[in-house]
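# no letters, just coordinates:
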């Protein structure tokens, strides 16, 4: 009887330890199993709208997988895009040293040796439309599985902050570089209020676009 009780205690301890041996973190905060991380679209270095779980500007402060009881371990991870109305040119999932294009809603699975801190790079780049992209990521280690949901969002206000109105004159004269706080900012293109890139040349703004409201380098232009 005593041996049976010891065996049960050992099994319960093993299950408890297994449940705590890894976790997902987002911006340094521990996530509960099944939590959803919501990320708004932002302009990248090329002026295109993108969503990234670990942006290049701050790669260690995004979504990560953290091992709690080992410096490395073999894990099995799977990812699936549940819905996508963003119309991005590319969606990819990079973990374990390889990047996997996420086309359609098929489940992609890979097994690899994870480091103590493993970045979860899940990206939607060159977003063309308003809407959302929802994906789920699951990681299995031993008999424990943890899941995090990823939701990318692009609305008509995302990425457009403190917009000021400015009228474009009849000749369409405007500099393709603007001075802000004494610093020169590279021209990034013309966008509509939904964040879609309309034109890459501001000099042809008047001749090619019909009347409306557009965003150029963070400012609102009315034609």
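Now that the structure is in, tell me what you want to look at. None of the values given here were measured: they were computed from a predicted structure. Numbering: from 1, shown residues only.

# which residues of this protein score low on pLDDT?
Filtered on pLDDT under 70, the chain yields the residue ranges 1-20, 59, 156-189, 191-214, 217-223.

# domains in it, by residue range?
18-154, 165-222 (automatic domain parsing).

# what about the helices in this structure?
Secondary structure of the chain by DSSP state H: the helices cover 2-19, 205-208.

# quick one: end-to-end length of stretch 43-63, please.
19 Å (C-alpha to C-alpha, to the nearest Å).

# quick check: longest strand of this structure.
strand 72-84 (DSSP state E).

# strands paired with that strand, and their directions?
strand 108-115 (antiparallel), strand 131-141 (antiparallel) (DSSP bridges).

# wait, which of the ones you listed is closest to residue 50?
When these are ranked by proximity to residue 50, the top entry is strand 131-141, at 11.3 Å, counting by C-beta to C-beta. For every residue, glycine as well, the C-beta is placed using N, CA and C.

# what sits up against the longest strand of the chain?
21-22, 65, 67, 91, 93, 95-96, 100, 102, 104-116, 122, 124, 131-141 (C-beta atoms under 8 Å, 6 or more residues apart in numbering).

# show me what counts as buried in it.
By 16 or more other C-beta atoms under 10 Å, the buried positions in strand 72-84 come out as 73, 75, 77-81, 84.

# one more: stretch 82-102?
Going by 16+ other C-beta under 10 Å, stretch 82-102 has these buried residues: 84, 86, 88, 91, 93, 95-96, 100, 102.

# and the closest residue to residue 112 other than its chain neighbours, how close does it get to residue 138?
For residue 112, ignoring the flanking residues on the chain, the nearest one in space by C-beta to C-beta, 6 or more residues apart in numbering is residue 96 at 2.9 Å. Distance check for residue 96 against residue 138: by C-beta to C-beta, to the nearest Å, it reads 14 Å.
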